[in-house]
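> could you look at this predicted model? Sequence included:
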Amino acid sequence: MADIDAKAEKNYKYLAFISYRHLSPDAEIAEAVHEELENFKVPRELDPDGKYKEIRVFRDKYELATNDLSESLDSALLNSKYLIVISSKRTKLSEWCVREVELFKKHHSSRNIIPILVEGEPYESFSEPLKNLSSIEVDDKGNETIKSLDLLAADLRPDEVKKTSFIGYEELEKTNKSEFNAHIKAAKKILKNSEIYRIMATILGVNYGDLKQRHKERQMKLKIRLGILAATILTVFGIAMTSMFIRAVNSERNATSQISMMTLKSADQSNKDGDRAYALLLSKEAMSYVNPKMKNYEELNANYERVLNDALLTDKYSSILSLKTGTTSPFFDISTDGKFIVSTNQKNNAVISLTSNGNQIKEISFEKPITAIKVRNNDNSIFIATSDLKLFKIDSKTFDVKDLGIKTPFGIYQMDFTDDGDFLIAIDKALNIATYSTKDFKMLNHKILDKNIFRIFTLKNNKEYILNTSDGQIDIFDIKTGKLSKTLRKSKDKISYIANSMSKDGKKFAYADDRNIFLYDIESNFEKVKKVDIGSYTGNILLSNDGRNLYYTTMNFIDVFDLDNNEHINFIPVGNSGISNLRLNNEGDTLAFSIDDKNSIGFIEKVNEKSTNKKPIVSNGSNFNDHLISFVFSADDKYLVANSQDSTLKVISTENNIANVELDGTIKAISEDRNTVMLIDKNNNLSLYDFSKEKLIKVGTISKDLNTIYNVHSISNDHEYFAFSDIRYKNIKVFDKNGKTVYTTQSDQDKDTFKLTVDIEIFQDKDMLVSLNELGDLKIFNLKTGELIKQLKDKNEQAEKIVYSKDKSLIGINYYSKNATIFNTETGKVVENIDGEIFSIIGEDGKLTTVYGQKNTLLFEYKNGEKQLYATNYDTKGISTRQFNDDFVSLDDRYLLTSVTNMALVVTDIKTGNRVRTLETEGNFNPKGVMSGDSSKIAYEPFEDKTYIADFYNIKELEKKADKMLNGRELTETERIELGLKSRVNENE
C-alpha cells in the first residue's frame, strides 16, 4: 500500500524544524537535539549521494547565522522536511507549539513528525494534534484507508523522571535546582548515546540498531585516522584559522540581523497582546544591533516603524501593559494617585510597578504566599496579608516593610479601610470577618458566619459596614463592636444571590430582588425611598457616583434609569455577550463592563446623556485568555487596571494617543502638491483643509447633483480651479474660487455608449486638466480654457484611476481588471502594458525607469521590462477582495495608503511591503485616505461624513515619544535571558 499523504519530494531548506516551549528543560533539550543533528555524520553507504553531508536544522532564536534573514517561523516550518516536537507536560499548553504541529500536518505527511518525550507519558505530554495523527493509504485497487499513526517517540526520560512519583520538572525547578539540572544532564546523555540514532533512523528510513552499529564502526576508524592527521592539522592550522575568522565575521553579521528581525516580531506580538511598553523595549533592543550598511536595513526599519506606531499611537481604551504574574488569581491594587500598581507573582513576592510603563521599581519577598493586597487611600500605605496569617505594612515612599506583629484568626483574602484609615475590615473566602484598629492593629471583633460572605461596603461615617451574605441577607454592623445595627433584607430560600450597589458618595444603597430594585437613603438611617420595577431579573446593578442614576443589565442590554425623574435614559445593546462587573469611572460619565464570552472590557461614554444610538467601545488589546476577575479605575481616570485567571494584569489607557482634528465631510480630492484636501459634507457644503497652515477654509455650498457617489472632483494647488464631473451631462464643470463657472468641457456622451468620468487630475504647472472615463478614454484639456488638447486610449476596458510621474511626462491608467497601461504624455504612445495595478510611476522626459504596483496581494517592482515580485502585502487584502479598495501614494513614493473596505486605512512601506501603521475606520464601507506632501499628516475617514486629520510621525519623532513613555525603563536581565538576548551581538560594520 502507498501512503498518499506523502507530499511530492522537494528540496527542503531544512531537514527538520524543532518545535519547543521556551522553558526549562524543553529549551535545553531542543538545543542539544539541534547540536546532535547538525553534527551527525551519516555513514557513506547510507548516503551515497551526499544528501545528508550538511544537515541544517531550524530552531528559532538559535538558528541564526545560517538562517535566511527575513524568514518567518511559518516559512521555516514549510521549508522543513521533518518536524521534531520536544514534548513535556507543558508543551500542550503552548498555542505556538500546537499551531506548529497543525500547520506542518497541512503541508506534510504526518509520518514526518518525530516526537521527543521529555517527561510524563504521551497522553500527558502530547498536544491534541500530535495525538490524533493519521495517514491515508491506497492499495493496488485504488481503495483508500485511513490509518492511525502511533509514532514512537524518542525517549529522553531518565529513570527517576519515568517514575510515577516524579513531581515534574516545573515543580522540581522551584524546589531542587541541583536535581533539576542533573536530570537535564542525564537526558542529554541519553540523547547522545542512543536516542539520536533513533531520530536519524526515522529520517533515513533504516533500522535503529543497524545505524547505531555502523556509526560506532565509523567512530573507531575516525580515532585511528586522528593520530595520522594530527601533524597535518598543525601545518594547515594558520590557513584554517584565517578561513574560520572570515566565516565567523559573516556569520556574526547574519546573526545580528536575525536577532533584530526576530526581536521585532516578538515586539509585534507584544503589541497584539496589549503590552505596548514591552513592545517598545523589544524594538529598542532590536535596533541597537542594526546599522544602515546591513543588507536588509530597509526591511528592519519598516518593521521598527510599525512597532513604534502600533505601540504609541493608540485609540481610547487600548491596553498598554500586560504584566505576567505567574499565578491564576493575581491580587493587585492601585495607588491612590494612580502612579503605581502592587501585584503578586509566583515567587511569593509583592511587585510594585509604574502604571504608566510597567517599570518594576521594587520587588519584596515574603516567606509565604500573598493572599490579599490593599493600598490605604489616606496615605498610600500598602498592606499585605500572607497565608501564614501575618499582616505587613509597606511604606510606599521608602518601601520599608513592617511586620505588624499580629496573627490573624483566619487567612485574609480581602481587606478594606474606612475613609479616615482608622479601621481595617478583613474577610476570608467564606465565613470569617474581623475588624482592626489601625492605631495598634488590635482586633476589635471577629465574626464567624453561617453563610458565605458575598460583599461588604464600608460606610462613609467610618463607623459601620454593610454585609451581604450568600443567602441574600443584608445587614449593617458596627465596626468597633461587631453588633448588628439594622437588617435591610432577610434571607429568602428562593434567592441565594442578589446584586447590590452603594453610590460613591456613600449616600444611597440599592439591591435587586426578583424583578425589583430597592433604593435606600443611607443618611436617613437607611430609609427606603424607592422601588423600581424593572420587569425582569438582573444580576448586575450599579448606582451612579451621586446616586441619581441606576445602571443594570437585562439580557444583552445595559439600562440607564433616572431615579429622580423615574424614566429610562438609555437602553444600550451590547451584542450577544454576557455582561458583568459594572464600574463607573471617578468622573461618573463613563461606564465600564466585562464582556464575558470575549474575556474583554467594554466602555460606554457619556452614559448619563440621553441617546437612542449609544454604542459600546470594546477595548483594544484587553482580551484575556481566561475569565476576567475584576478591574478598577485609577483616581485620575487615566488608567483602568484589570486582572484575569490567565495570570495577567492589564493596564488600559483611557486617553486617545492619536492627535486627531475632526472635520465634517468626506474626502473628495487632494491637490497635486498634496497640500490641500477638498471636503464635501452631507449638506453639500464644500471646504478645503490646508495641511501646511493646519486651517479649514469654508468655500460654499454646491449643487447636490455634484455630490453623489458617482461624481469625481479635483482642486488646483492655488485653489483657483475646482473641477467636478457632472453625471447629468457627462462632462466636467470647472469653477473658480468664487463659485463662478470658468468653462464646461465637451460632453463625453455618444449615441450608443454611456461614459461616466471616474477620475480627474489638475496639473497646474502644465496648465492641464486630465480626465478618465470608465471605458478607458483619457483626455487632456487646457486648464484655463477647457480646450481638448489630446485623447489617449489603449483598451476599450473598464478603467479606474489615473497615475502619473512627477514631471507628468508619463501617465498611466489602472483598469478594473487590475492591469495598467502607461503612456508617453507628449507623444501619446503606449510605453508599457503591465499585468497588475500600479501605484507609482518613476521616470523623466517620457522615459520609464521604475513602476511600483500590486497584483492581488503581491507587491512588485517593474524595471527594464521585467516584473519582480518582492513582498506579500496581506495587510491590505480587506475582507475578501481588493476590488473596492482605494489606494494613494505619498508624494515621495515611500508610503502606500490603502483604504481597506469595511476595515481600516493601512499605511504600507512601498519598498519592503511592510505595514507601518493602521488607522481604524469603524466599518466605513469605502473610506478614503490621503497624505500631506511632507508626509507629516494623514487625512482619513473614520466613519460616515467625518474626516480626521492625524499626525504621521517619522522614526525620530516616534523614538522621542517612546523614550518619554519608557522614562528610563530597560529590559531586565531576566527578560533578556527569556528572549535569548543575554549576550549582545555587536555589529561594527
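That came through, no problem.
> do you know how far the closest residue to residue 281 other than its chain neighbours is from residue 978?
Leaving aside its sequence neighbours, residue 281 sits nearest to residue 971 (C-beta to C-beta, 6 or more residues apart in numbering; 5.2 Å). (Glycine included, C-beta is placed from N, CA and C.) Look at residue 971 and residue 978: by C-beta to C-beta, to the nearest Å, they are 10 Å apart.
> same question for residue 898.
Distance from residue 898 to residue 978, counting by C-beta to C-beta: 36 Å.
> between these two, which one's more packed in?
Neighbour tally, residue 898 and residue 978, criterion other C-beta atoms under 10 Å: the higher count belongs to residue 898, 25 against 14.
> phi, psi of residue 188?
phi -60, psi -40 (degrees, to the nearest 10).
> residues touching it, list them.
Neighbour list for residue 188: 28, 29, 32, 156 [criterion: C-beta atoms under 8 Å, 6 or more residues apart in numbering].
> what about the second one, which SS state?
Applying DSSP: H, G, I helix; E, B strand; the rest coil to residue 29 yields a three-state assignment of helix.
> now do the spatially most central residue of the chain against residue 616, distance only.
Geometric centre of the chain, nearest residue: residue 272, 1.1 Å, by C-alpha atoms, centre = their mean. Going from residue 272 to residue 616 by C-beta to C-beta gives 22 Å.
> try residue 398
When residue 398 is compared with residue 616 (using C-beta to C-beta), they lie 43 Å apart.
> only whichever of the contacts of residue 188 are buried, select them in ChimeraX.
Here is the ChimeraX selection string for the buried members of the contacts of residue 188, based on 16 or more other C-beta atoms under 10 Å:
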select :28,29,32,156
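> circling back: of residue 398 and residue 616, which one has the most company?
Shown here are residue 398 and residue 616; by other C-beta under 10 Å, residue 616 has more neighbours (22 against 8).
> tell me who's in contact with the spatially closest residue to the more buried one that is not a sequence neighbour.
Of all residues not flanking residue 616 in the chain, residue 602 sits nearest, at 4.1 Å (C-beta to C-beta, 6+ apart). Counting by C-beta under 8 Å, 6+ apart, residue 602 touches 574, 592, 593, 594, 595, 616, 617, 618, 619.
> let me have these in TSV, extended by distance to residue 758 and secondary structure.
Output for the contacts of residue 602, formatted as TSV (distance: C-beta to C-beta, whole Å; DSSP: H, G, I helix; E, B strand; the rest coil):
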residue	distance to residue 758	secondary structure
574	41	coil
592	46	strand
593	46	strand
594	48	strand
595	43	strand
616	39	coil
617	37	strand
618	37	strand
619	40	coil
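> remind me which residues of the stretch 201-350 of the chain are low pLDDT?
The stretch 201-350 of the chain contains residues with pLDDT under 70 at 208-210, 212-255.
> all helices for it, in order.
Along the stretch 201-350 of the chain, counting by DSSP state H, counting those that start in this stretch, helices occupy 208-235, 237-272, 276-287, 297-312.
> alpha carbons of the third one, as CSV, please.
It refers to helix 276-287. The C-alpha trace of helix 276-287 is given here as CSV (Å, rounded to 0.1, in the frame of the first residue of the first chain):
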residue,chain,number,x,y,z
ARG,A,276,2.9,48.1,24.3
ALA,A,277,5.6,49.3,26.7
TYR,A,278,7.3,45.9,26.4
ALA,A,279,7.0,46.1,22.6
LEU,A,280,8.9,49.4,22.8
LEU,A,281,11.6,47.8,24.9
LEU,A,282,11.9,45.0,22.4
SER,A,283,12.1,47.2,19.4
LYS,A,284,14.7,49.4,21.0
GLU,A,285,16.7,46.3,21.8
ALA,A,286,16.3,45.0,18.2
MET,A,287,17.5,48.2,16.6
